[in-house]
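Q: Got a sequence here, can you build the structure:
(chains A and B)
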Amino acid sequence: MKIKKIRGTVMNKFFLLCIVTFILTPHHSAGQELSAEAILARIDDNMVYETAYSEIDMIITIGKRVIEKKLVSYSGGVENSFIEFLSPARDRGTKMLKTGKVLKVYFPSAERVMRLSGHMLKQSMMGSDFSYEDMMETAEELKKEYQVKLLGEEIFNDIACYVLELESRDESKTYFFRKIWVDKEKFIGHKVEFSAKSGKLLKVMTVGDTQSFKNRYYPTRVTMVDKLREDSKTEMMIKNIQFDIAIPEGTFTERNLMRR
Amino acid sequence: MKKIIQLAWRNIWRNWRRTILASLAVSFGMVSIIFSYSYLEGVTASIYKSLIETELGHVKIVSREFLRLERIMPKEHLIYNFKNLEADISSLPGISAMTERIKFHLILSSEDENEPCLGVGINPEQETHFFDLRQHLIQGSYFQESAAEMLIGDGLAQKLGVGLGDELLAVTTDINYSTYALTFTVAGIFKTGFTFMDKNFFYIPIEKAQELLDCQGAAHEILLLLEDAEKATEISSEILTFLKENALEDTLTAVPWQDNFFMTYMPFAEIVFSGILLIIMLIAALVILNTMLMAVLERTHEIGIIKSMGMRNGGVVALILVEATFIGLLGVFIGGSVGSGLSLLAQNTGLDFTRMMEKMEFEFAFFSPVIYPKFTFGILLGAVVFGLVTTLVAAFYPARKASRMEPVEALRASLK
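A: Residues are numbered from 1 along each chain as shown, chains lettered A, B, ... in the order given. From the prediction side, this is the model:
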């Protein structure tokens, strides 16, 4: 390759920087250390399933107020999920259906379906610290949309963790950066910090409890704190979860959404 | 003196073209001042009126927290049992109207579009004393019997792609953080000219807003209109005393319109307006000065003659000043009539800047795009004094200069 001419000192410095960075960066040639991609793949082994059914308690704490909601959720692979709220009374019967990138919400009080897309997905879901977007995300999408980098290792809550940094390939992504503390043994993300492109911390998710299942570990208590809301957090507690069971046919259809 | 007046009278008609020209200069100044003053008074009045109608009332009773977080509009900070409070307050003297509102952010959803917007729950009957939407409806009609109706801004209707009779789904998080939805029929479309309002606001009956937010019997604000707007502070403090007696002063407060943060902009606006007016007065004064200077200095020859015929310096000054007074009076008369006439005409028809205003978006109803200038007798009087004084001052300097000339010099200068 022919380099015509290196222009000015800025380019010189840039080259120098590249070389120095190259020398200083540790290489995982030894083979014992896992690459960032491999760590993500191990997380996927825990998080990805064919189907799942779960019963969840959602506890929203805002200042001194505590609001408890109960919901059930059906998931079918990466694409589909269906959520129905059971309580409190004003939320009962509200259902959500996600198929692909489309989210539809059914409101029993109005007997109408609202289709959510674009910026609407960034809104708080049912008053919680989770957005609709947070609820819809799949491991597949994460892999596609983010570039991953291993930052190092840290002890978090007495658990030895890898620290990963994910950077979005898409400029418009709400969470441009994600920093994940991954349990070195169980490959569960114990803490995730979601930040904007400016570096501003938007949300923090922490995993309280994990449970061991037949072939995986799964978080059963997750707390999300929306840093843009005043004094607020939302806890999701999985009361009962079953993996890879048969989901009734027609679950992920609009008809099911509007069923009374 | 009588002779001088007679002479002056004859003089001004001897060269009537010059007289008319000088008078017109004075008239021009008068018309500019009267009209711009009336216009700016109209703008100021319009700002006060819009803010009082849409936001402030003369007195606003509101939760302290809601007031503190006014921009976010936290739904849960309400006045509960406002009917009781209203009943108690209505015994205070000087209140001419009272209404209540609920204001909240929510999502309106049509078949294809979702739009975050601002809903206002109103008491349809009482609201007409405040912000009378009936005057701004461009389609449809005001609230009828059925309560599940909404009036929607034309810009918002456009964004959602809906028209009269269409159904919209209103989705919001209620005060207990449940998500709730109701459907409404578009009963009317309004265009207020306040672009932000037309693009983001809709109105529903307050009962429906209460149902959406799960807060029956509550409102975010109670607004009062007074017989005398100047008594707002007095009545607010009476209401505060009442709130204190009923152990409500920790949560609720009463705010007179003058104390609202919107109003903190007003002194600034008034300084700007005064500045504009000052510049206009300065221009008017310069025009008058220039014309008078020309009119007097043009007559050097004539002044030389009357001086050589024996008139004293004082006499010459007096003569020119009396002439100037005649010119001033004529100008003031023409300018005053035309200026007042124009202002009164515009006051009745209004000056429509809708097209210009469409590009300006204030987050609140700032001033109406149709401005009605506000002419008062005071403005006319001020302009008359200004016109006469400026004319006399403008004439005085050249008069003195001319009077001090040696007659021979004056004659020679004019022969050159």
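Q: What's the separation between the residue in the stretch 151-260 of chain A that chain B sits nearest to and A:G63?
A: Residue nearest to chain B within the stretch 151-260 of chain A: A:E230 (9.3 Å; CB to the nearest CB). Glycine gets a C-beta too; all of them are placed from N, C-alpha and C. Here A:E230 is placed at a distance of 8 Å from A:G63 (CB to CB, to the nearest Å).
Q: A:W181 now?
A: Counting by CB to CB, the gap from A:W181 to A:G63 is 28 Å.
Q: When these two are compared, which one has more neighbours?
A: A:W181 (24 against 8; other CB atoms under 10 Å in any protein chain shown).
Q: tell me which element the more buried one falls in.
A: Assigned by DSSP states H and E, A:W181 belongs to strand A:177-183.
Q: Direction included, what does that strand pair against?
A: Partners of strand A:177-183 in the sheet, by DSSP bridges, are strand A:159-168 (antiparallel), strand A:189-195 (antiparallel).
Q: Could you identify which of those strands is most buried?
A: Comparing those by mean neighbour count (mean count of other CB atoms under 10 Å in any protein chain shown), strand A:189-195 comes out on top with a mean of 20.
Q: So what touches that one?
A: Identification of contacts with strand A:189-195 by CB atoms under 8 Å, 6 or more residues apart in numbering or on different chains yields A:43, A:156-157, A:159, A:161, A:174-183, A:201-207, A:219.
Q: next helix or strand past it?
A: Sequence order places strand A:201-213 as the next helix or strand after strand A:189-195, per DSSP H and E.
Q: quick one, that next one and strand A:189-195 angle?
A: Interaxial angle of strand A:201-213 relative to strand A:189-195 (axes from the mean of the first three to the mean of the last three CA atoms, to 10 degrees): 160 degrees.
Q: who's in contact with strand A:201-213?
A: Here strand A:201-213 makes contact (CB under 8 Å, 6+ apart) with A:129, A:134, A:174-175, A:183, A:186, A:188-196, A:217-228, A:235, A:241, A:243.
Q: Now do the helices in the stretch 1-150 of chain A.
A: Using DSSP state H, counting those that start in this stretch, the helices of the stretch 1-150 of chain A run over A:8-24, A:36-47, A:132-136, A:139-145.
Q: Pull the contacting residues for the closest residue to A:R112 other than its chain neighbours.
A: Sequence neighbours aside, B:L169 is the residue nearest to A:R112 in space, at 4.8 Å (criterion: CB to CB, 6 or more residues apart in numbering or on different chains). Residues in contact with B:L169 (CB under 8 Å, 6+ apart) are A:F107, A:A110, A:R112, A:M114, B:L108, B:S109, B:S110, B:A181, B:L182, B:T183.
Q: out of those residues, which one sits closest to A:G100?
A: Ranked by distance to A:G100 (CB to CB), the contacts of B:L169 are led by A:M114 at 16.9 Å.
Q: quick one: contacts for the closest one?
A: Applying CB under 8 Å, 6+ apart, we find A:M114 in contact with A:K104, A:V105, A:Y106, A:F107, B:I107, B:S109, B:N114, B:L169, B:V171, B:A181.
Q: now, which of these lie within strands?
A: Among these, the members falling in strands are A:K104, A:V105, A:Y106, A:F107, B:I107, B:S109, B:N114, B:L169, B:V171, B:A181 (criterion: DSSP state E).
Q: possible to save those residues as JSON lines with distance to B:D250 and pLDDT?
A: Shown next, in JSON lines, are the ones in strands among the contacts of A:M114 (distance: CB to CB, whole Å; pLDDT from 0 to 100):
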{"residue": "A:K104", "distance to B:D250": "44", "pLDDT": "93"}
{"residue": "A:V105", "distance to B:D250": "38", "pLDDT": "93"}
{"residue": "A:Y106", "distance to B:D250": "41", "pLDDT": "95"}
{"residue": "A:F107", "distance to B:D250": "36", "pLDDT": "95"}
{"residue": "B:I107", "distance to B:D250": "33", "pLDDT": "92"}
{"residue": "B:S109", "distance to B:D250": "38", "pLDDT": "93"}
{"residue": "B:N114", "distance to B:D250": "39", "pLDDT": "90"}
{"residue": "B:L169", "distance to B:D250": "38", "pLDDT": "95"}
{"residue": "B:V171", "distance to B:D250": "33", "pLDDT": "93"}
{"residue": "B:A181", "distance to B:D250": "34", "pLDDT": "95"}
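Q: Average pLDDT for stretch B:248-266, rounded please.
A: Per-residue pLDDT over stretch B:248-266 has a mean of 86.
Q: pLDDT on stretch B:379-396, on average?
A: Stretch B:379-396 shows an average pLDDT of 92 in the prediction.
Q: Could I have the CA atoms of that stretch written out in CSV?
A: The C-alpha coordinates for stretch B:379-396 follow below in CSV (Å, rounded to 0.1, in the frame of the first residue of the first chain):
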residue,chain,number,x,y,z
ILE,B,379,-53.0,59.4,24.1
LEU,B,380,-54.6,62.1,21.9
LEU,B,381,-53.9,64.7,24.6
GLY,B,382,-50.3,63.6,25.0
ALA,B,383,-49.8,63.7,21.3
VAL,B,384,-51.3,67.2,21.0
VAL,B,385,-48.9,68.5,23.7
PHE,B,386,-46.0,66.8,22.1
GLY,B,387,-46.9,68.2,18.6
LEU,B,388,-47.3,71.8,19.8
VAL,B,389,-44.3,71.8,22.1
THR,B,390,-42.0,70.3,19.4
THR,B,391,-43.2,72.8,16.8
LEU,B,392,-42.6,75.7,19.1
VAL,B,393,-39.2,74.4,20.2
ALA,B,394,-38.3,73.7,16.6
ALA,B,395,-39.2,77.2,15.6
PHE,B,396,-37.5,79.0,18.5
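Q: How about the residue in chain A that chain B sits nearest to, nearest residue that isn't a chain neighbour?
A: With CB to the nearest CB, the shortest gap between chain A and chain B falls at A:G127, namely 3.0 Å. Spatial nearest neighbour of A:G127, chain neighbours left out: B:Y177 (3.0 Å); criterion: CB to CB, 6+ apart.
Q: where along the stretch 51-200 of chain B do the helices fall?
A: Assigned by DSSP H, counting those that start in this stretch, the helices in the stretch 51-200 of chain B fall at B:64-68, B:82-89, B:124-127, B:154-160, B:195-200.
Q: swap that for the stretch 251-400 of chain B, please
A: So, for the stretch 251-400 of chain B - with DSSP H, counting those that start in this stretch - the helices run B:266-297, B:300-308, B:313-349, B:354-357, B:377-403.
Q: Dump those into TSV; add distance to chain A and mean neighbour count as well.
A: Below are these laid out as TSV (distance: least, CB to the nearest CB, whole Å; neighbours: other CB atoms under 10 Å in any protein chain shown):
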stretch	distance to chain A	mean neighbour count
helix B:266-297	31	16
helix B:300-308	74	18
helix B:313-349	43	19
helix B:354-357	28	12
helix B:377-403	51	19
